[in-house]
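J.: test case, fold it:
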Amino acid sequence: MANKTYTADVLVVGGGTGGTAAAIQAARRGAKTILVSEFPWLGGMLTSAGVSVPDGNELESFQTGLWGAFLQELRQRQPGGLDNSWVSFFSYDPRIGAEIFADWVQELPNLHWISGQVPLEVFRQGDLITGVRFADFAVTAKIILDGTELGDLLALADIPYRWGWELQSEWGEPSAPVTFNSLTQKYPVQAPTYVVIMQDFGEAIAPEIPSAPNYNPSQFTGAWDGYGAETFLNYGRLPGGLFMMNWPICGNDYGEGVGRLIESDVSRGEFIQESRWHSQNFAHFIQKQLGRRYGLAEKVFPHTSTAFALHPYYRESRRLVGLTTVREQDILPIAKGRVASIFNDAFAFGVCTAIAVGNYANDHHYPGVQFPLQPKSIRWGGRWTGTPFTIPYSCLIPATTDGFLVCEKNISVSHIANGATRLQPVVMGIGQAAGMAAAICVELNCQPRDLPIRKLQTALLEDNRSKALIIPLFNLPPNRSDWRHWQLYYLDNPQAYPISGDCPDSAFDKALIQESNCFKGIFYRLEQQEYRFTVTAPAAYQGQNWQLVTLRSHIDEQLRAYPHEQLVTLWGRYNHSGNWFLVEHLNGG
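T.: Now for the predicted structure:
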């Protein structure tokens, strides 16, 4: 039995991306908060799972809230900057990410963080969740949040949840299967990946990576066909000669018997061990093919096997049965538009109940299987990005349980839509909103289902530390003086939300971003939203051809209008791995 009982306003169980954000936001709002994590690092996918090349919410206008603050801290702390990989605009050493979250927690005297503990029992009185027991203590709280990687509190509390696929007949999702089949049976959820960090040892010879049980090189044959070894390695390149291995093509996604994750502690442990062996075997294969220049990274993660993440990168969890469920239709673009509808709450009756924003493409992982999905990608800024969508508050609230919110990949979402809602920045936004909601519920002495939605939305928009986006607008960066005005305008008039995703009367802050470099050259328009740049100066880069991309809306407008084969002067940053130039400013802009 627990030796000690703590009391708090808010208890967050699980120190993943959403749980960490929720605890920080609840404490910043003033709630007495306890955060209990299984691992010694906070941040989940962004740190302890090793996915330090996050996807989604990359456009300048979507870099808000705790996500935007995290990026700002990374830019200040990561030597050499964040332009290292080609899969993401932000790649960093996971140790620095973990340091940021630890510092944010440390500065809050009303936030008590306890690590190395997992939930064992949930206390409830009827339909009210009142506390959680751990091995050495218990915590009672007014509001309890499930921030675990796999929705463990849902199971412990007997709160209804989903696991697996829904058929098309459930909600009419266009990409859902009509009947259950061999795919839905083999992979009830998306495959996790046990991230391993490899290292370039240069002239030195890396220690040999031994094979693990079940090594079968044919599983990995052809992993970088069509890419080449250098491009393959640069996919998840990190600073300091490190490489994040999270590769889906004949790589280290692992889904064999993935249902074991929720069967028992023993079966979960077996699956985790096998997935780690699978990644070790992938690293062994890479070293065999590319040579002893490449080995396992040293001293990255704080445990014995320092090259392996603290836990797998879980793409899918138990999913709450909430007041509202986010479906595929809610993340797809509306007819002839570039954005999804902001009316995705069945209980709202014309009111926009959004509390977080995502924009990633719908991406599913089933090893060896190509699963077609309705497209939600768009060309923007000279590159592919995704249709922006919103998360309604009601998908964080259990249908029949009080005193409880979810704040991770465990929101009420369909299996299909989870492919877009699971990404790190979206989950961080969900966590921030859940933490804010919990703190306000304590202030108002109300249940989450009774919290006035506008009270929560206004608090997120006006947070004095990390104001958070609610309505996605491509041309409304957070530093604009009328940012709050347009956010509130579309909350008050959701029917006026533009299908283009652009608000009128744009007036941009065109200040240069720090550490921009100047280049001169010739601008080429290859296709709509596809641009090339041939460098003429400085001389060290003369003759090189780069793709031009941007994350800034007014630069996107300028690139779309710029004359073909004209001289242009650009300011920004070159990314060697992606062979692109990230334009922050151009002459005339």
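J.: spatially central residue in the protein, please.
T.: Closest to where the C-alpha atoms of the chain average out (Cα atoms, centre = their mean) is residue 424, at 1.1 Å.
J.: how about that one, nearest residue that isn't a chain neighbour?
T.: residue 54 (4.1 Å; Cβ to Cβ, 6 or more residues apart in numbering). No exception for glycine: its C-beta is placed from N, CA and C like everyone else's.
J.: identify the residues contacting that neighbour.
T.: With contact taken as Cβ atoms under 8 Å, 6 or more residues apart in numbering, residue 54 is in contact with 45, 46, 88, 90, 423, 424, 425.
J.: count the residues that sit near the nearest residue to residue 322 once chain neighbours are set aside.
T.: Nearest non-adjacent residue to residue 322, counting by Cβ to Cβ, 6+ apart: residue 412, 2.8 Å away. Close neighbours of residue 412, defined as other Cβ atoms under 10 Å, add up to 23.
J.: then residue 42?
T.: By other Cβ under 10 Å, 29 other residues sit near residue 42.
J.: that one against residue 15, yeah?
T.: Yes. Contact criterion Cβ atoms under 8 Å: residue 42 and residue 15 qualify, at 4.4 Å.
J.: residues in contact with residue 445?
T.: Not one residue lies near residue 445 by Cβ under 8 Å, 6+ apart.
J.: quick one: residue 21 from residue 212, how far?
T.: 34 Å (Cβ to Cβ, to the nearest Å).
J.: neighbour-wise, which of these two wins?
T.: Counting neighbours by other Cβ under 10 Å for residue 21 and for residue 212 shows that residue 21 has the greater number, 36 against 17.
J.: and that one, which of the three is it?
T.: At residue 21 the chain is in helix, as set by DSSP: H, G, I helix; E, B strand; the rest coil.
J.: who is residue 524 paired with across the strands?
T.: Under the criterion DSSP bridges, residue 524 forms beta bridges with residue 532.
J.: contacts only, for it.
T.: Counting by Cβ under 8 Å, 6+ apart, residue 524 makes contact with 531, 532, 533, 534, 564, 565.
J.: from residue 228, how far out is it?
T.: Distance, residue 524 to residue 228, by Cβ to Cβ: 24 Å.
J.: then residue 216?
T.: Using Cβ to Cβ, we find residue 216 at a distance of 24 Å from residue 228.
J.: same question, residue 359
T.: Remark: distance between residue 359 and residue 228 (Cβ to Cβ) = 29 Å.
J.: of these two, which one has the most company?
T.: Neighbours per residue (other Cβ under 10 Å) separate residue 359 from residue 228, with residue 359 holding more: 30 against 10.
J.: contacts only, for the more buried one.
T.: Residue 359 sits next to 56, 57, 59, 62, 385, 386, 387, 388, 389, 472 when contact means Cβ under 8 Å, 6+ apart.
J.: quick one, strands of the stretch 351-500 of the chain?
T.: Assigned by DSSP state E, counting those that start in this stretch, the strands in the stretch 351-500 of the chain fall at 354-358, 377-380, 383-386, 389-392, 404-406.
J.: and among the ones you listed, the most buried is which?
T.: Mean neighbours per residue, mean count of other Cβ atoms under 10 Å, is largest over the strands of the stretch 351-500 of the chain for strand 404-406, with a mean of 30.
J.: quick one on the thing from earlier: what's the closest of the contacts of residue 359 to residue 109?
T.: Nearest to residue 109 among the contacts of residue 359 is residue 57, at 30.3 Å by Cβ to Cβ.
J.: okay, now the residue lying closest to that closest one once chain neighbours are set aside: neighbour count?
T.: Spatial nearest neighbour of residue 57, excluding adjacent residues (Cβ to Cβ, 6+ apart): residue 425 at 3.5 Å. A count of nearby residues for residue 425, using other Cβ under 10 Å, gives 29.
J.: which strands and helices sit next to the longest helix along the chain?
T.: Using DSSP state H to define each element, the chain has its longest helix at helix 265-290. Secondary-structure packing of helix 265-290 (3 or more Cβ pairs under 8 Å, 6 or more residues apart in numbering; DSSP states H and E): strand 196-200, helix 229-234, strand 242-245, strand 294-296.
J.: in it, which residues are buried?
T.: 271-272, 274-287 (16 or more other Cβ atoms under 10 Å).
J.: those residues: which two are farthest apart?
T.: For these, the maximum inter-member distance is 24.9 Å, found between 271 and 287 (Cβ to Cβ).
J.: does residue 11 lie in a helix or a strand, and which?
T.: strand 4-13 (DSSP states H and E).
J.: need the contact partners of that strand.
T.: Identification of contacts with strand 4-13 by Cβ under 8 Å, 6+ apart yields 19, 22-23, 26-27, 31-36, 112, 119, 131-132, 136-148, 152-153, 407, 435, 438-439, 442.
J.: now do 7 Å
T.: Residues outside strand 4-13 that contact it (Cβ atoms under 7 Å, 6 or more residues apart in numbering) are 19, 22-23, 26, 31-36, 119, 132, 137-148, 153, 438-439, 442.
J.: and stretch 137-146, by the same measure?
T.: Residues outside stretch 137-146 that contact it (Cβ under 7 Å, 6+ apart) are 2-14, 19, 22, 34, 129-132, 153-154, 403-408, 410, 434, 438, 441-442, 448.
J.: and the next helix or strand past the helix or strand hosting residue 66?
T.: Element membership for residue 66, per DSSP H and E: helix 65-77. Scanning forward in sequence from helix 65-77 by DSSP H and E, the next helix or strand is helix 94-106.
J.: hmm, back to that, quick check, nearest of the buried residues of helix 265-290 to residue 256?
T.: residue 274 (6.7 Å).
J.: helices of the protein, residue ranges please.
T.: Under DSSP H, the chain gives helices at 17-29, 65-77, 94-106, 152-156, 168-171, 182-186, 229-234, 265-290, 418-421, 424-444, 453-462, 483-492, 553-561.
J.: now, of those helices, which is deepest in the fold?
T.: Mean neighbour counts for those (mean count of other Cβ under 10 Å) peak at helix 17-29, with a mean of 32.
J.: now do that one, average pLDDT.
T.: Averaging pLDDT along helix 17-29 yields 98.
J.: now stretch 36-46
T.: 98.
J.: got it, and stretch 149-168?
T.: Averaged over stretch 149-168, pLDDT sits at 98.
J.: how far does it stretch from start to finish?
T.: 27 Å (Cα to Cα, to the nearest Å).
J.: buried residues of that stretch, list them for me.
T.: 149-157, 159, 161-163, 165-166.
J.: how close does residue 270 get to residue 259?
T.: Residue 270 is 12 Å from residue 259, where distance means Cβ to Cβ.
J.: cool, residue 187 as well?
T.: 9 Å.
J.: how about residue 59?
T.: In terms of Cβ to Cβ, residue 59 sits 37 Å off from residue 259.
J.: more crowded one of those two?
T.: The neighbour comparison of residue 59 against residue 259 (other Cβ under 10 Å) goes to residue 59, with 23 against 16.
J.: next, that one: phi, psi?
T.: Backbone geometry at residue 59, expressed as degrees, to the nearest 10, gives phi -70, psi 150.
J.: nearest residue to it other than its sequence neighbours?
T.: Of all residues not flanking residue 59 in the chain, residue 551 sits nearest, at 5.1 Å (Cβ to Cβ, 6+ apart).
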